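Engineer: Here is my input, please return the structure:
(chains A and B)
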Number of protein chains: 2
Amino acid sequence: MTNPTAAMLVIGDEILSGRTRDANMYHLAGEMTKLGIDLKEVRVVSDDADAIVEAVNTLRARFDTVFTSGGIGPTHDDITADCIAAAFGVAIDVREDARALLAANYASRGIELNEARLRMARIPDGATLIENPVSTAPGFTLGNVHVMAGVPSIFQAMVASVVPTLTGGAPLISETIRVDRPEGDVAGPLADVASANPSLSIGSYPFNNASGMGSNIVIRGSDGDLVAQVATELRGVFAGFVG
Amino acid sequence: MTNPTAAMLVIGDEILSGRTRDANMYHLAGEMTKLGIDLKEVRVVSDDADAIVEAVNTLRARFDTVFTSGGIGPTHDDITADCIAAAFGVAIDVREDARALLAANYASRGIELNEARLRMARIPDGATLIENPVSTAPGFTLGNVHVMAGVPSIFQAMVASVVPTLTGGAPLISETIRVDRPEGDVAGPLADVASANPSLSIGSYPFNNASGMGSNIVIRGSDGDLVAQVATELRGVFAGFVG
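Structural biologist: Model (predicted):
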């Protein structure tokens, strides 16, 4: 049985210009791993309508679930909701339930629900809202695409709102073995163990610290007994160098 | 005149599984901005040959320059060089100049140049080597694709080796204005200024700190005088709220 698959689309010039270091990809990747959903691809595109529409349509056709982050705020460069509507070929307009959420929130704070803020109530036809406990303005789910904010605290809250609706797979079990030998020494024996266990993903990640070069070997799989058994085997193979 | 374009392909399960937080994308994005090259898209794919080949061929056809990171070490999951050869339809084998670099380095350290390490001398036909001052094993450039290591210190050194060979554009000038008003208040006047200055990229990035909600407005463009003039204009528009 294979796990469900997912992809992520990060929308916004701030990552591509180097202004901001990504945090949302890292968060989502960790959440998917916990759920047993394989995050297979991430794309980062700029605030460009054609690029967003094409990426959404490619990814939603190819993977079980797609998550987007960014571009759903009130400013002129927030074009994600319109792009999602275009990608699905549906209409988009201010929706009453989303408008009501915003109106209540702003009224309670004595802030005007002006035209710019009302843009955040524009929801493509057929979508369901994603709760935003941080700042009210909702995300939405259309088909297999979950559209969320780019601000990390809001993104994380929206992911938490969506997670209970997802069908997970067998959670990924992983074990890491630190071997105080460079990758070039580890590679041969490791390849043999990897090819004998095709149901596991066995990766090697080099490090270089004060005590010298080494390799972190990560064994990942959904069968916890097998992961443990192969970890024991590898500890034997690299006996004397396991940290 | 438009700037040259670039894309990046990050290869490796460690980002997609949430084990590692990306550092190379952030580094490359900053370097491209300094050079006046527009980083237009980033893709992250797993250690899967089909996914790598397809992404390389899509990106190299679409953008002036492509950078890859990851998958050129000595272990079984390092398949990038073979995938690049497949993407270009050229042969790949151990190349003498790359082998000589590795042989000299390992000999000087009393380390065996075994079969696994020799994999790092496999270079697609027609490529030129990229110097690796950190750990010797070279990257390579084939066509408009620069293939580099995933370890951040090596990736950064390879980018530094490649940068002098790139043709940059007009460096991007940017100015940031902190406005102590939420985006919903800023959005209307900001949209007017943005639409009056189509040659600039004007973005708004909300923040929320101890003193309340605010917006960082970033004005980006290659015409420094225009960036400064619009920044002055926006400081006037938001007078009284500029931090």
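Engineer: OK, contacts around the one residue sitting closest to the centre of chain A?
Structural biologist: The centroid of chain A falls nearest to residue A:28 when counting by C-alpha atoms, centre = their mean (3.2 Å). When contacts are counted by C-beta atoms under 8 Å, 6 or more residues apart in numbering or on different chains, residue A:28 touches A:8, A:39, A:67, A:69, A:159, B:18. All C-beta spots, glycine's among them, are computed from the backbone N, C-alpha and C.
Engineer: does it sit in a helix, a strand or a coil?
Structural biologist: Reduced to three states with DSSP: H, G, I helix; E, B strand; the rest coil, the structure at residue A:28 is helix.
Engineer: so, in contact with chain B or not, the lowest-mean-pLDDT helix or strand in chain A?
Structural biologist: For chain A, scoring each helix and strand by mean pLDDT, DSSP states H and E identifies strand A:201-209 as the least confident one, at a mean of 83. Yes - part of strand A:201-209 sits close enough to chain B to count as contact by C-beta under 8 Å from any C-beta of the partner chain, namely A:201-206, A:208.
Engineer: filter the residues you listed to the buried ones?
Structural biologist: Buried residues within the residues of strand A:201-209 next to chain B, counting neighbours by 16 or more other C-beta atoms under 10 Å in any protein chain shown: A:201-206.
Engineer: Redo those residues as CSV? Include distance to residue A:216.
Structural biologist: Putting those into CSV (distance: C-beta to C-beta, whole Å) gives the following:
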residue, distance to residue A:216
A:201, 14
A:202, 11
A:203, 9
A:204, 7
A:205, 5
A:206, 8
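Engineer: next one: the strand or helix carrying residue A:187 to chain centre, how far?
Structural biologist: Taking DSSP states H and E as the criterion, residue A:187 maps to helix A:183-196. The gap between where helix A:183-196 is centred and where its chain is centred comes out at 30 Å by C-alpha atoms, centre = their mean, to the nearest Å.
Engineer: Contacts made by that helix with the rest, please.
Structural biologist: Surrounding helix A:183-196, the residues in contact under the criterion C-beta under 8 Å, 6+ apart are A:179, A:200, A:202, A:204, A:206, A:213, A:215, A:217, A:230, A:233-234, A:237-238, B:73-77, B:111, B:114-117, B:119.
Engineer: What about these, which are in strands?
Structural biologist: Counting by DSSP state E, the contacts of helix A:183-196 place A:179, A:202, A:204, A:206, A:213, A:215, A:217 in strands.
Engineer: Which pair of those residues spans the longest distance?
Structural biologist: Taking C-beta to C-beta as the measure, the ones in strands among the contacts of helix A:183-196 span a maximum distance of 19.3 Å, between A:202 and A:213.
Engineer: if we can go back for a sec, max pairwise distance over the contacts of residue A:28: which two?
Structural biologist: Longest span within those, C-beta to C-beta: A:69 and B:18, 14.9 Å.
Engineer: Of those two, which one has the most company?
Structural biologist: Set side by side, residue A:69 and residue B:18 show unequal neighbour counts under other C-beta atoms under 10 Å in any protein chain shown, the larger going to residue A:69 at 31 against 19.
Engineer: Can you tell me the number of residues neighbouring the residue nearest to residue A:213 when sequence neighbours are not counted?
Structural biologist: Ranked by C-beta to C-beta, 6 or more residues apart in numbering or on different chains and with sequence neighbours excluded, the top spatial neighbour of residue A:213 is residue A:182, at 4.1 Å. Burial of residue A:182 is recorded as 23 neighbouring residues (other C-beta under 10 Å).
Engineer: and what of residue A:200?
Structural biologist: Counted by other C-beta under 10 Å, the residues lying close to residue A:200 total 21.
Engineer: show me what contacts it?
Structural biologist: With C-beta under 8 Å, 6+ apart, residue A:200 has these contacts: A:194, A:219-221, A:223, A:226-227, A:230.
Engineer: what's the closest non-adjacent residue to residue A:237?
Structural biologist: Leaving aside its chain neighbours, residue A:237 sits nearest to residue A:189 (5.0 Å; criterion: C-beta to C-beta, 6+ apart).
Engineer: Give me the mean pLDDT for whatever helix or strand residue A:97 lives in.
Structural biologist: When secondary structure is defined using DSSP H and E, the element that contains residue A:97 is helix A:96-109. For helix A:96-109, the mean per-residue pLDDT is 94.
Engineer: Check which residues of that helix are buried.
Structural biologist: For helix A:96-109, a neighbour-count test (16+ other C-beta under 10 Å) marks A:98-99, A:101-103, A:105-106 as buried.
Engineer: and the angle for it with helix B:183-196?
Structural biologist: Orientation of helix A:96-109 against helix B:183-196 (axes from the mean of the first three to the mean of the last three C-alpha atoms, to 10 degrees) gives an angle of 110 degrees.
Engineer: mind checking how far residue A:97 is from residue A:121?
Structural biologist: Computed as C-beta to C-beta, to the nearest Å, the residue A:97 to residue A:121 distance reads 9 Å.
Engineer: I figured residue A:218 hits residue A:175, correct?
Structural biologist: Yes - Residue A:218 is within contact range of residue A:175, at 7.5 Å (criterion: C-beta atoms under 8 Å).
Engineer: before we move on, the earlier item: centre of the chain versus the helix holding residue A:97, how much separation?
Structural biologist: 29 Å.
Engineer: Do I have it right that residue A:130 meets residue A:149?
Structural biologist: No - Residue A:130 sits out of contact with residue A:149 when judged by C-beta under 8 Å, with a separation of 9.2 Å.
Engineer: okay, and the common contacts of these two?
Structural biologist: Taking C-beta under 8 Å, 6+ apart as the contact criterion, the residues that touch both residue A:130 and residue A:149 are A:139, A:158.
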